[in-house]
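>>> Starting from these lines, generate the structure:
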Amino acid sequence: MFEYLVPLQPDAIIALMQQCKADTNPDKIDLGVGVYKDEAGGTTILRAVKAAEKQLWETETTKSYVGIRGNDDFRHAMLHLILGGDAGKIDDSLLDRIASAQAAGGSGALRLGAELIKSAAPHATVWVSTPTWANHIPLISSAGLKMEKYPYYNRETLGVDFDDMIAHLDAHAKVGDVVLLHGCCHNPTGADLSPAQWDQLADFMLAKQLTPYVDLAYFGLGRGMSEDSYGLRKVVDICPEVLIAASCSKNFALYKERVGLVAVVCKDTDTATIARSQLGSIQRRIISMPPDHGAKLVADILGDKSLREMWVAELTEMRERMRDLRKQLSEALNVQGGETMAAAVVDQNGMFSTLPLSVDQARKLRSEFSIYMTDSGRINIAGANKTNIPRLAEAILSVL
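Down below sits the predicted model:
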């Protein structure tokens, strides 16, 4: 039967990674893949993770399954982390209204959430931003859901088209539809909603009877943990139902461990009980039991005062380094022809920015300067360093 399969085009990001790897230029700059890199270009294991692994190695006594919805300590610690704000803790009344499950990374969380939407509201449309993370659409549509796009990023101002976003959803979204929102550090643009815009959006979604689905893949890497969770906490406070997909890949640097969480805030505790059973059933038929190693590490880090403080310090170090790189790149671009880019890069958040470059310009940067970014102009700011920022800016300006 397999002879009837047809070859598919390789994933664009994977192909870009392979092209960069094959480039023998010692001064090449890899701004493509979405992983955090330190000043030396490495993606190292966090010290807090190493310490937690050592502790786990010494104390773990079994490799038995932990349950269909995963590690309970992990799920509860993550909910308090992302919804607790400065207090770092949520009330039991809210916790009782939340159904959650450990997932295989943020991607697994998104898919579990999509399957739950399909079970609860098979005719609902899921709305995604223009642009959005490339894998959002295949991940969610593969659950059999209809998808549409709403305007978000203005490639001329390099900011959020908030008025157009609201107007489009108001005109076209129907009661019961789901709106996928980037909680912070929008991928691929880095352009985030302001607190005031989150306030307005939450009220709009309540009035329009739309359900927010918040993708929180870069929590802690934007402006700070409290700032990065503001939008999520606002919609949870205002809207009766919210879906959440959270990832520990970036903020704990646990990329290959595949640690994620799907959470569903329900109208009441009875509905949450039903949603828990549904999430368990969905998980069972897709992967059965989630792996525990990475989730256990996160639970141990968040549950231990010294390990948590170590992790927060490392997260702060990563965040501040990216902010410093943004400032340096902004200053280097702030010449005739690059002023708009300079202003946008320093205002945006997280790993990514989308530069106003054509496909030909992005490819010219690859072929002539060994600077690798996606055809859309998305760059991973963490792929740069203090030494190559001047050369990066000069090359970008030269292709405008």
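>>> can we go C-alpha only for contacts and neighbour counts from here?
Fine.
>>> those strands in the chain, which residues are they?
For the chain, the strands defined by DSSP state E cover 29-30, 98-104, 125-130, 146-151, 153-154, 159-160, 178-182, 211-216, 242-247, 259-265, 352-354, 371-372, 378-380.
>>> I'd like the ones you listed laid out as a markdown table, including mean neighbour count, distance to T62 and mean pLDDT.
Formatted as a markdown table, the strands of the chain follow (neighbours: other C-alpha atoms under 10 Å; distance: least, C-alpha to C-alpha, whole Å; pLDDT from 0 to 100):
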| stretch | mean neighbour count | distance to T62 | mean pLDDT |
| --- | --- | --- | --- |
| strand 29-30 | 22 | 41 | 95 |
| strand 98-104 | 28 | 19 | 98 |
| strand 125-130 | 21 | 41 | 98 |
| strand 146-151 | 18 | 43 | 98 |
| strand 153-154 | 21 | 49 | 96 |
| strand 159-160 | 18 | 49 | 97 |
| strand 178-182 | 23 | 37 | 99 |
| strand 211-216 | 25 | 31 | 99 |
| strand 242-247 | 27 | 25 | 99 |
| strand 259-265 | 27 | 20 | 99 |
| strand 352-354 | 25 | 40 | 96 |
| strand 371-372 | 25 | 44 | 96 |
| strand 378-380 | 26 | 39 | 96 |
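>>> Pipe those strands into TSV and attach distance to L201 per row.
Below are the strands of the chain laid out as TSV (distance: least, C-alpha to C-alpha, whole Å):
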stretch	distance to L201
strand 29-30	36
strand 98-104	22
strand 125-130	14
strand 146-151	13
strand 153-154	16
strand 159-160	13
strand 178-182	10
strand 211-216	10
strand 242-247	13
strand 259-265	18
strand 352-354	23
strand 371-372	35
strand 378-380	26
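>>> Can you say which of these is nearest to E53?
strand 259-265 (14.8 Å; C-alpha to C-alpha).
>>> quick one: contacts of that closest one?
For strand 259-265, contacts defined as C-alpha atoms under 8 Å, 6 or more residues apart in numbering pick out 75, 78, 97-110, 112-113, 236, 240-249, 272, 275, 294-295.
>>> Strand partners (parallel or antiparallel) of it?
Strand pairing for strand 259-265, using DSSP bridges, gives strand 98-104 (antiparallel), strand 242-247 (antiparallel).
>>> Would you mind giving the ones you listed as JSON lines with distance to E317 added?
JSON lines is the format used below for the strands paired with strand 259-265 (distance: least, C-alpha to C-alpha, whole Å):
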{"stretch": "strand 98-104", "distance to E317": "26"}
{"stretch": "strand 242-247", "distance to E317": "19"}
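>>> The strands of the chain: which one's closest to A167?
The closest of the strands of the chain to A167 is strand 146-151. By C-alpha to C-alpha, the value is 9.3 Å.
>>> Can you give me the first-to-last residue distance of stretch 232-245?
Stretch 232-245 has an end-to-end distance of 11 Å (C-alpha to C-alpha, to the nearest Å).
>>> what distance separates stretch 368-384 from the centre of its chain?
How far stretch 368-384 lies from its chain's middle: 19 Å, per C-alpha atoms, centre = their mean, to the nearest Å.
>>> That stretch: which residues count as buried?
Buried residues in stretch 368-384, counted by 16 or more other C-alpha atoms under 10 Å: 369-384.
>>> Which single one of these is nearest to E58?
Among the buried residues of stretch 368-384, A382 lies closest to E58 (C-alpha to C-alpha), at 34.1 Å.
>>> which ones are touching that closest one?
A382 neighbours (C-alpha under 8 Å, 6+ apart): 31, 35-38, 322, 325, 351.
>>> for the record, mean pLDDT for stretch 308-325?
Stretch 308-325 shows a mean pLDDT of 98.
>>> Flag every buried residue along that stretch.
308, 310-312, 314-316, 318-323, 325.
>>> Contacts for stretch 97-106, please.
68-71, 74-75, 109, 112, 215, 217, 245-249, 257-273, 275-276, 279-280, 290-291, 295.
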